[in-house]
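1. next comes the sequence, and after it the predicted model I'd like to discuss.
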Amino acid sequence: MSSTKPSAEIAGAGLAGLAAAAALAQRGWAVRVHEKGKQLREIGAGLYLWQNALDALRVLGVYDQVAEVGVQSRTPRMLLDHNSNEIDLRRQQDTTPELIVVLRTELHRILAEFAVANGVEIVTNSKVLGADPEGRLEFESGWGPKVDLVIGADGVFSRVRDSLKLATEITDMKDGCGRHLIPRRPEDSVNQRRIEMWNGGRRVGIAPVSKDQHYVFLCCPESDIAGRVQQPFNLEAWASSHPQYRSYFERLPRHPEEYWRPFFHVSCSSWTKGRVSIIGDAAHGMAPNLGQGACVALVNAVVLARAVSAGNDVPAALKTWEAAERPYVLRTQRMSYLYGAVGTKWPRKLLGLRSKILPLLGRTDLVQRNLRVALDHKPAI
Ligand SMILES: Cc1cc2nc3c(=O)[nH]c(=O)nc-3n(C[C@H](O)[C@H](O)[C@H](O)COP(=O)(O)OP(=O)(O)OC[C@H]3O[C@@H](n4cnc5c(N)ncnc54)[C@H](O)[C@@H]3O)c2cc1C
């Protein structure tokens with residue numbers, strides 16, 4: 001890498017690592033990304049990109065490409081209870097936030113191509129073992145070069161984070177989800193309005209994700225064996241709890257490529273140490289109940305690039321970035337945790353009570369402020 005430019009090494013070529021790499025390269029940094037996989041890869045599923053993430057993509061300059069392949073959702077989702085009654089959490093004064101649902105593979109491809117076009121070097125088959133706060137990554141072959149900035153974007157089980165002892169707890173939520181893509185048909189009701197339906201601890205979500213596909217997520221507690229089995233997919237188990245969506249479940253592959261995955265909640269003492277920072281799931285892995293994990297990662301990546309480019313003191317800039325961005329992400333994590341507890345762990349005998357109190361609680365200022373905290377946060381990007 002050129003010695004005249006500030007330099008960065010990044011562990012992990014997921015959405016967070018690629019966004020950070022592209023944002024830094026745009027600001028004149030020489031950036032190398034290390035990906036442990038043999039090739040760059042994202043899973044075949046959908047992703048909700050809310051207004052905050054779309055603003056970050058606008059700053060990067062890839063919003064138009066994402067909007068072209070994704071599906072804009074202009075109406076709020078329909079949340080249904082176990083009796084198919086709508087649970088309306090919206091207040092009259094609330095605006096519907098901008099949302100694009102996109103294929104993960106497409107967003108990942110767009111970010112990777114954009115990063116490379118801006119001069120980022122991506123090295124696959126390059127597993128990172130840890131990091132040194134002085135600004136180096138460690139590999140099986142030894143220590144890499146000393147650089148101005150190191151970023152750990154290596155996911156929930158981050159080696160960078162753990163080598164610096166930044167994690168305080170990684171919690172298995174005992175709750176998780178299977179994700180699928182199915183063919184889209186013109187007569188599907190979700191073409192008009194995406195849905196989420198709760199029944200007991202199971203939650204089904206269906207949204208159009210491209211011109212010819214819907215994204216389907218099927219969440220349930222780990223203890224729900226029939227709900228989480230994927231090989232083969234148990235159609236009758238889901239059709240019995242959500243009969244009105246049987247025709248969608250019938251389109252699911254019997255042996256899906258993806259398995260049921262548990263959710264993890266990552267808690268850290270800090271996101272930075274010396275010249276090293278962690279971003280994305282490495283820093284704030286959360287259950288995806290608010291659809292904000294990747295969104296806040298994209299925002300954080302762009303804001304971090306701006307912060308470290310503003311002066312020469314990288315460790316100080318990282319501290320300033322963390323102080324500005326971390327509090328709202330912690331609130332988002334907490335809210336996602338609570339949403340999951342209500343959606344998945346609520347006692348079966350009291351489902352009627354859930355349907356009654358949710359609209360009342362959900363419309364309070366306190367709950368709305370916390371649900372929308374990531375949308376309302378205005379970072380200096
Ligand atoms: C079911 C589900 C649905 C979700 N839905 C949404 C949603 O709708 N909207 C939203 O905003 N968020 C959503 N999320 C969260 C979102 O998927 C994550 O927050 C986001 O993908 C995290 O990206 P990341 O780059 O931090 O981590 P990852 O995607 O885990 O990427 C980490 C990368 O680092 C690589 N790596 C790991 N270890 C090493 C190593 N030691 N050396 C080198 N490379 C390494 C990995 O191979 C990978 O490529 C969802 C999550 C789940 C589980």
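-> Good, I have the coordinates.
2. helix, strand, or coil at the residue lying closest to Gly152 once chain neighbours are set aside?
-> Closest residue to Gly152 apart from its sequence neighbours, by Cβ to Cβ, 6 or more residues apart in numbering: Val160 at 2.6 Å. For the C-beta atoms, the positions are set from N, CA and C on the backbone; glycine is no exception. Three-state assignment for Val160 (DSSP: H, G, I helix; E, B strand; the rest coil): helix.
3. show the residue spans covered by the strands in the stretch 101-250 of the chain.
-> Assigned strands in the stretch 101-250 of the chain, in chain order: 121-123, 128-132, 136-139, 142-143, 149-152, 167-183, 195-199, 202-210, 213-221 (criterion: DSSP state E, counting those that start in this stretch).
4. what parts of this protein come near the ligand?
-> 11-17, 34-37, 47-48, 127-128, 153-155, 159, 177, 179, 261, 280-281, 288, 291-295, 297 (Cβ under 6 Å from any ligand atom).
5. any of these buried? List them.
-> Buried subset of the residues of the chain next to the ligand (neighbour count, 16 or more other Cβ atoms under 10 Å): 11-17, 34-35, 47-48, 128, 153-155, 159, 177, 179, 280-281, 288, 291-295, 297.
6. so which of the residues you listed sit within helices?
-> 15-17, 159, 281, 293-295, 297 (DSSP state H).
7. quick one: secondary structure of Arg334?
-> Strictly by three-state DSSP, Arg334 counts as helix.
8. count of neighbours near it?
-> As a burial measure, Arg334 scores 14 neighbours (other Cβ atoms under 10 Å).
9. do you have the strands of the stretch 251-381 of the chain handy? List them.
-> 261-268, 272-273, 276-278.
10. sheet partners, orientation included, of the second one?
-> Based on DSSP bridges, the strands next to strand 272-273 in the sheet, each with its direction, are strand 276-278 (antiparallel).
11. so what touches the strand it pairs with?
-> Applying Cβ atoms under 8 Å, 6 or more residues apart in numbering, the contact partners of strand 276-278 are 131-133, 135, 149-153, 158, 160-161, 164, 166, 268, 271-272, 304, 318, 321-322.
12. check stretch 113-126 too.
-> 1, 13, 18, 21-22, 25-26, 30-40, 60-62, 65, 112, 139.
13. now that stretch: mean pLDDT?
-> Mean pLDDT, stretch 113-126: 98.
14. repeat for stretch 9-27
-> 98.
15. pLDDT score for Ile381?
-> 55.
16. and the contacts of stretch 113-126, which of them are buried?
-> The neighbour-count test (16+ other Cβ under 10 Å) marks 13, 18, 21-22, 25-26, 30-35, 40, 60, 62, 65, 112, 139 as buried among these.
17. related to what we said a few turns ago, which of the strands of the stretch 101-250 of the chain is buried the deepest?
-> strand 149-152 (a mean of 29; mean count of other Cβ atoms under 10 Å).
18. now do the helix or strand harbouring Arg32 and strand 128-132, the angle between them.
-> Arg32 is located in strand 30-34, with elements delineated by DSSP states H and E. Between strand 30-34 and strand 128-132, the angle comes out at 140 degrees (axes from the mean of the first three to the mean of the last three Cα atoms, to 10 degrees).
19. break the chain down into its structural domains.
-> Following automatic domain parsing, one gets these domains for the chain: 7-75+89-170+264-376, 174-262.
20. need the winner for burial among those.
-> With a mean of 20, the top stretch among the domains of the chain by mean neighbour count (mean count of other Cβ under 10 Å) is domain 7-75+89-170+264-376.
21. point me to the residue of the stretch 151-300 of the chain nearest the ligand.
-> When scored by Cβ to the nearest ligand atom, the stretch 151-300 of the chain has Gly280 as its residue closest to the ligand, at 2.1 Å.
22. okay, that residue and Arg202: tell me how far apart.
-> Counting by Cβ to Cβ, to the nearest Å, the gap from Gly280 to Arg202 is 28 Å.
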